[in-house]
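J.: Mind folding the following:
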Amino acid sequence: QLQLVESGGGLVQPGGSLRLSCAASGFTLDSYAIGWFRQAPGKEREGVSCISTIGITNYADSVKGRFTISRDNAKNTVYLQMNSLKPEDTAVYHCAALKRLFSCTLSKGYDYWGQGTQVTVSS
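T.: Sure, this is the predicted structure:
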């Protein structure tokens, strides 16, 4: 069974940091681009960051300079390091896998999705 499982969410104060993990089971991530998406209450899902099979990364303007995506194919896991968190970063964060080599996208159309992990930034 192909599955993506996110972890690492939680409650953090503004200016704090969290590291999200996206672990795959039932398939290997090295042939997939991986994206992180988030959805806040009452808002549409938006692309946050993605990483291609060869390590090319892309970020939404709202998180550039604060978030860093990385992948460890040996652990079949992708990470999202989030620093300088703001209240507007509060959302459910999902990772997704796209069967595509060499590039990635912040648009939808991904093949597999995780259930999400809640990130709340509040004092």
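J.: make it CA atoms for all contacts and neighbour counts henceforth
T.: Fine.
J.: Quick check, central residue of the chain?
T.: In the chain, the residue lying closest to the centroid (Cα atoms, centre = their mean) is residue 36, at 2.5 Å.
J.: My guess is that residue contacts residue 98. True?
T.: No: Residue 36 is beyond contact range of residue 98, at 11.3 Å (criterion: Cα atoms under 8 Å).
J.: Can you give the contact residues for stretch 26-44?
T.: Contacts to stretch 26-44, defined as Cα atoms under 8 Å, 6 or more residues apart in numbering, come from residues 1-3, 45-53, 73, 76-78, 80, 90-106.
J.: List the buried residues in it.
T.: Residues of stretch 26-44 classed as buried: 29-40 (neighbour count, 16 or more other Cα atoms under 10 Å).
J.: ok so, going back, which of the contacts of stretch 26-44 are buried, as a PyMOL select command?
T.: Buried members of those, defined by 16+ other Cα under 10 Å, are picked up in PyMOL with:
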select buried, resi 3+45+46+47+48+49+50+51+52+53+77+78+80+90+91+92+93+94+95+96+97+98+99+100+103+104+105+106
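J.: Please, which helix or strand holds residue 48?
T.: Following DSSP states H and E, one finds residue 48 within strand 46-51.
J.: Let's see that strand as CSV, backbone CA atoms only.
T.: The C-alpha coordinates for strand 46-51 follow below in CSV (Å, rounded to 0.1, in the frame of the first residue of the first chain):
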residue,chain,number,x,y,z
GLU,A,46,-1.5,26.4,-1.6
GLY,A,47,1.9,25.1,-2.6
VAL,A,48,4.6,25.9,-0.2
SER,A,49,7.7,24.1,-1.5
CYS,A,50,8.8,21.3,-3.7
ILE,A,51,12.0,19.3,-4.5
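J.: who's in contact with the following helix or strand past it?
T.: Toward the C-terminus, strand 46-51 is succeeded by strand 57-59 as the next helix or strand (DSSP H and E). Contacts to strand 57-59, defined as Cα under 8 Å, 6+ apart, come from residues 48-51, 69, 104-106.
J.: Relative to strand 57-59, what are the paired strands and their orientations?
T.: Listed by DSSP bridges, the sheet partners of strand 57-59 and their directions read strand 46-51 (antiparallel).
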